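[1] Turn this into a structure:
(chains A, B and C)
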Amino acid sequence: MPELPEVQTTVSQLKKKALKRAFIDVWTDAPKLIKKPKSFDDFKKKIKGKKIKDIQRRGKNIIFKLSEGQSLLVHQKLTGHLLYGRWKEGRWQSEEEKHIGEDKMNQYIHLVFFLDNNREIALSDLRKFAKVELASDEEIKKELEDLGPDPLKISFQEFKDTVRKGKIKQALMNQKIISGVGNIYSDEALFRAGIHPLRKVKDLKKKELKNLYQELKRILNKALEVQGTSISDYRTPEGKKGEFEKLLKVYRRKGKKCFNCGAKIERIKIGNRSAHFCPHCQKK
DNA sequence: CGAGGTACCTGACAGC
DNA sequence: TGCTGTCAGGTACCTC
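    All right, here's what the predicted structure looks like:
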C-alpha cells in the first residue's frame, strides 16, 4: 500500500483494536512471506502467547512490540495491507463495512493472526511481496537503523540537511534520506511545489526547497486526514477505502489536463520508477 | 559507495 | 476475442 499516510492509518486503527491482545494462533497459505524465523512452524511456536504491548510506525514499516522483548515487523510493500475483523471458515468479514468486494478480499488474504478476543488481524497481499519478521527488539531495531527521519517530524533545517543530493524525485523516495515517502506523495508534493522531478537538489533555491518541505508535510497530513490513497484493493484495517485518490493532481494522470493550467500531464521514467508532472507548472 | 538493472508475484488494461 | 506488452503505494540484491 503503502506510503506514510496509509501505514500510519493502519497503525492508528490497529492500536485502537488490538492493543493488549495476545496472539493465540497463526495461519498462512504463503509461508514465503515470513522471512524470520525461516520456518513457519518456528514462527508459529514463537508468536503464540505473545501480547501486543504497542504498535508503532517507522517509515513504511509497522512494528508490533510484543511481550518478552520480541517485535513483529510487517512491511507491506506494494499491495499488502493489514485488516482487522473476523476470519471464519476461510472468509473475511470486516468489522464495520461488510459490503466491499468480499470475494476479492478473501482471495488475497495470505496470513491470519488469531487474537484472544475472537478477532483476527489478516494480511491481504495480491502480489505477495510483503515481509513479515519476528525477532528480538534489538534485532528489529538494528534492521531499521538505516532509515532516515520521518518527514512529519523534522524541521526545515533538518530536511535541508538530509535532502542534499541527486535528483529531487529520487531523494524524496530514498528511505535512507527520509522515510515514508513513495511514488504518489513525492509526485504530488513536487507538483504542488512547482518543481520538476528531474531537478538536482543542489540546484534548488532555498525558497524552492522550503516550499517543497511545506507542501510535502501539508500533503501527508491531508492524506492522513482522509486515511490515505486507495489504488487497487487497498483498504484500511476497518475495510474502508482511503479518499486521497480524489485529490491526486498528477499521479497516474498521464495525458490528462493539469488542473492549474490545462497542459497535458506527462509521465517519465526516473530510475525505473515512473514520475508524473505538469511540463508547464514544473519547469526543468 | 553509488547508480542502474533485475527479481520477487499477480492482475489490469491498452493496442494490435 | 485473444495474445502481447506495459504498468503497478517497494525494496533487496547483484554488477559495474
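[2] what is A:R57 paired to in the beta sheet?
    For A:R57, the beta-bridge partners are A:I62 (DSSP bridges).
[3] Was I right to think it contacts A:Q13?
    No - look at A:R57 against A:Q13 with Cβ atoms under 8 Å: they stay out of range, at 11.9 Å. No exception for glycine: its C-beta is placed from N, CA and C like everyone else's.
[4] show me the contacts for A:T236.
    A:T9, A:T10, A:Q13, A:H81, A:Q227, A:G228, A:G242 (Cβ atoms under 8 Å, 6 or more residues apart in numbering).
[5] How much space separates the residue of the stretch 1-150 of chain A found nearest DNA strand B from A:D233?
    In the stretch 1-150 of chain A, the residue that lies nearest DNA strand B is A:R127 (3.3 Å; Cβ to the nearest atom of the strand). According to Cβ to Cβ, to the nearest Å, A:R127 stands 11 Å off from A:D233.
[6] and A:E245, how many residues sit next to it?
    By the criterion of other Cβ atoms under 10 Å, A:E245 has 16 neighbours.
[7] On the three-state scheme, it is what?
    Secondary structure assignment for A:E245 (DSSP: H, G, I helix; E, B strand; the rest coil): helix.
[8] show me what contacts the nearest residue to it once chain neighbours are set aside?
    Take A:E245 and drop its neighbours on the chain: the residue closest to it by Cβ to Cβ, 6 or more residues apart in numbering is A:T229, 5.2 Å away. The contact partners of A:T229, by Cβ under 8 Å, 6+ apart, come to A:E3, A:P5, A:E6, A:I184, A:A223, A:G242, A:F244, A:E245, A:L248.
[9] which residues touch the helix of greatest length in chain A?
    If each helix of chain A is counted by residues according to DSSP state H, the longest one is helix A:206-225. Residues from elsewhere that reach helix A:206-225, judged by Cβ under 8 Å, 6+ apart: A:4-6, A:8-9, A:151-152, A:156, A:159-160, A:163, A:168, A:172, A:180-181, A:185, A:188-190, A:192-195, A:201, A:204, A:229, A:242, A:244, A:247.
[10] If anything else comes up later, I'll come back, but that's it for now.
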